[in-house]
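A.B. asks: return atomic coordinates for the entry below.
(one chain, ligands or ions: 2)
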Amino acid sequence: MTVEKEQALRVHQQRFGREGRGFAAPARVNLIGEHTDYTGGFVMPMAIDFETVAVVSAREDGRAVFYSANYDEEVGFEIASLTRKPVGGWCDYPAGVLWSLREEGVVVGGFSMSLAGDVPLGAGLSSSASVEVATAMALLGHAGMELPLEKIATLCRRAENEYVGAKSGIMDQFVVVGSVANRVMLLDCRSLEYGLLPLPDEVRVVICNSMVKHAVATGEYGDRSAEVEAGQAVLRRERTGVELLRDATLDDLEACRDMMSAASFKRCRHIITENARVLEAREALLRGDMARFGTLMVEAHSSFRDDFAASCEEVDELVVIAMQQAECFGARITGGGFGGCTVNVVRAEAAEKFVATLRRGYAAKTGIEADCFVCTPSDGAFALAAKGGVA
Ligand code: ADP
Ligand code: MG
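C.D. replies: Ligands and ions are numbered 1, 2, ... in the order given. All right, here's what the predicted structure looks like:
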């Protein structure tokens with residue numbers, strides 16, 4: 001049992017006077033395949049060694065009571081009175097999962113739940129999917145039910161899209177449920193077919209938080225997906241066989257150039273080329289060709305910066321400094337954009353040196369101290385439950 005889980009169980013017992021059962025879910029990072037998930041494309045994420053723990057115990061008054069140790073705050077309501085009415089706080093995430101489970105026909109009796117985690121919040125490592133999936137696993141355990149991977153991922157995504165009201169594809173929730181240690185996931189976001197690929201022992205994945213999040217982020221993310229969807233609609237109308245952007249080629253896009261805005265054209269070009277890069281990255285990984293893998297990451301960054309226009313100066317700087325280091329195979333922005341984190345694939349033996357040089361170079365250039373994490377591909381919620389069992 002992890003330290004987080006032990007502590008969460010103890011805190012729960014003290015607060016609610018009952019022993020609870022603990023369920024854990026990791027965070028994630030995306031190696032390549034950015035903004036491709038909501039148009040049915042390909043992504044290559046992995047779960048990382050941060051986790052959120054949800055501890056649950058029964059109560060007899062028909063209420064749902066959530067306590068977050070991260071916020072040191074408790075929120076409760078009658079389960080029967082739950083409607084789709086977000087209040088705008090952290091509780092929307094677990095309450096959204098309760099709502100989403102009910103939409104699936106899962107009957108959940110009164111419960112107390114404690115949430116605690118070491119995932120950096122709002123840093124682009126998907127603490128949101130982590131808290132959703134931990135909540136779903138705990139509530140299913142409480143209801144004595146099991147659901148398959150796709151179902152849990154889909155209902156957690158629904159909680160985030162429809163209850164919380166945040167746009168996101170299926171990637172985060174899927175990888176947080178279904179990952180396996182020492183593997184990265186290649187996910188087809190349309191069919192939800194996936195493969196688990198080994199990451200060579202000689203590399204490490206380093207996440208570097210630029211510590212900036214440009215204020216435009218929320219609105220801009222909305223704009224980007226609107227531009228993508230507008231372009232996709234043109235392609236669907238004009239080109240036979242194109243249902244989702246994932247079906248389109250660059251020739252299809254070129255043929256429709258005059259029918260869409262210049263912005264839509266570029267956003268779609270990023271996604272079409274990015275899908276091809278993910279599939280090529282899979283081949284490179286299977287060959288153990290990390291040099292090619294790294295080049296694809298850098299190309300993905302350039303495409304995100306120039307065609308998707310969703311990077312920023314600080315993050316670009318992190319990528320430049322990273323790529324000046326011989327031990328770095330590839331570096332790119334990861335997550336929604338406009339700040340947040342980069343993901344770097346580096347030689348294992350030089351990971352610590354890489355981190356030190358990157359932090360020093362970034363501070364010299366921007367005056368900002370970046371948080372860096374050397375990560376291992378970790379188990380998803382299913383694998384954690386199977387290994388650790390329930391507490
Ligand atoms: P990210 O997913 O990149 O971390 P989001 O803005 O999508 O950023 O999600 C962060 C939100 O998820 C937090 O602001 C909070 O509302 C919720 N959250 C995450 N972890 C916890 C937790 N342990 N307890 C309560 N809420 C959490
Ligand atoms: Mg999130």
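
A.B. asks: does residue 208 touch residue 371 like I think?
C.D. replies: Yes - under the criterion of C-beta atoms under 8 Å, residue 208 makes contact with residue 371 at 7.5 Å. Yep, even glycine has a C-beta here, placed from its N, CA and C like the rest.

A.B. asks: how about the residues of this structure near ligand 1?
C.D. replies: For the chain, the residues found near ligand 1 under the criterion C-beta under 6 Å from any ligand atom are 52, 68, 70-71, 90, 93, 115, 117, 121-128, 131.

A.B. asks: which one of residue 208 and residue 371 is surrounded by more residues?
C.D. replies: Ranked by neighbour count (other C-beta atoms under 10 Å), residue 208 and residue 371 place residue 208 first, with 26 against 13.

A.B. asks: next helix or strand past whichever strand or helix holds the more buried one?
C.D. replies: Assigned by DSSP states H and E, residue 208 falls within strand 203-213. Following strand 203-213 in sequence order, the next helix or strand is helix 217-238 (DSSP H and E).

A.B. asks: re the thing from before, what pairs with the strand holding residue 208, and is each one parallel or antiparallel?
C.D. replies: Counting by DSSP bridges, the strands paired with strand 203-213 are strand 339-347 (antiparallel), strand 371-375 (antiparallel).

A.B. asks: could you dump the ones you listed to TSV with mean pLDDT?
C.D. replies: Putting the strands paired with strand 203-213 into TSV (pLDDT from 0 to 100) gives the following:
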stretch	mean pLDDT
strand 339-347	96
strand 371-375	96
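
A.B. asks: which one of those is the most hemmed in?
C.D. replies: Most buried of the strands paired with strand 203-213 by mean neighbour count (mean count of other C-beta atoms under 10 Å) is strand 339-347; its value is a mean of 26.

A.B. asks: does any part of it sit near ligand 2?
C.D. replies: No - if you take C-beta under 5 Å from the ion as the test, strand 339-347 misses ligand 2, and the best it gets is 10.3 Å.

A.B. asks: got the angle for that strand vs helix 217-238?
C.D. replies: Between strand 339-347 and helix 217-238, the angle comes out at 80 degrees (axes from the mean of the first three to the mean of the last three C-alpha atoms, to 10 degrees).

A.B. asks: what's the following helix or strand after strand 339-347?
C.D. replies: Sequence-wise, the next helix or strand beyond strand 339-347 is helix 351-366, with elements assigned using DSSP H and E.

A.B. asks: quick one on the thing from earlier: which among the residues of the chain next to ligand 1 end up buried?
C.D. replies: Members of the residues of the chain next to ligand 1 that pass the buried threshold by neighbour count (16 or more other C-beta atoms under 10 Å) are listed as 52, 68, 90, 93, 115, 117, 123-128, 131.

A.B. asks: secondary structure and pLDDT for these - can I get that in a markdown table?
C.D. replies: Supplementary listing: these in a markdown table, determined by DSSP: H, G, I helix; E, B strand; the rest coil; pLDDT from 0 to 100:
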| residue | secondary structure | pLDDT |
| --- | --- | --- |
| 52 | strand | 97 |
| 68 | strand | 97 |
| 90 | coil | 97 |
| 93 | helix | 98 |
| 115 | strand | 97 |
| 117 | strand | 96 |
| 123 | coil | 86 |
| 124 | coil | 88 |
| 125 | coil | 93 |
| 126 | coil | 94 |
| 127 | helix | 95 |
| 128 | helix | 96 |
| 131 | helix | 98 |
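
A.B. asks: for residue 172, see how far away the closest residue to ligand 2 within the chain is.
C.D. replies: Using C-beta to the ion, the closest approach of the chain to ligand 2 is made by residue 128 at 3.2 Å. Counting by C-beta to C-beta, to the nearest Å, the separation of residue 128 from residue 172 is 7 Å.

A.B. asks: what sits against the residue of the chain closest to ligand 2?
C.D. replies: 93, 160, 164, 166, 168, 172 (C-beta atoms under 8 Å, 6 or more residues apart in numbering).

A.B. asks: repeat the analysis, applying 7 Å as the threshold.
C.D. replies: Residue 128 makes contact with 93, 160, according to C-beta atoms under 7 Å, 6 or more residues apart in numbering.
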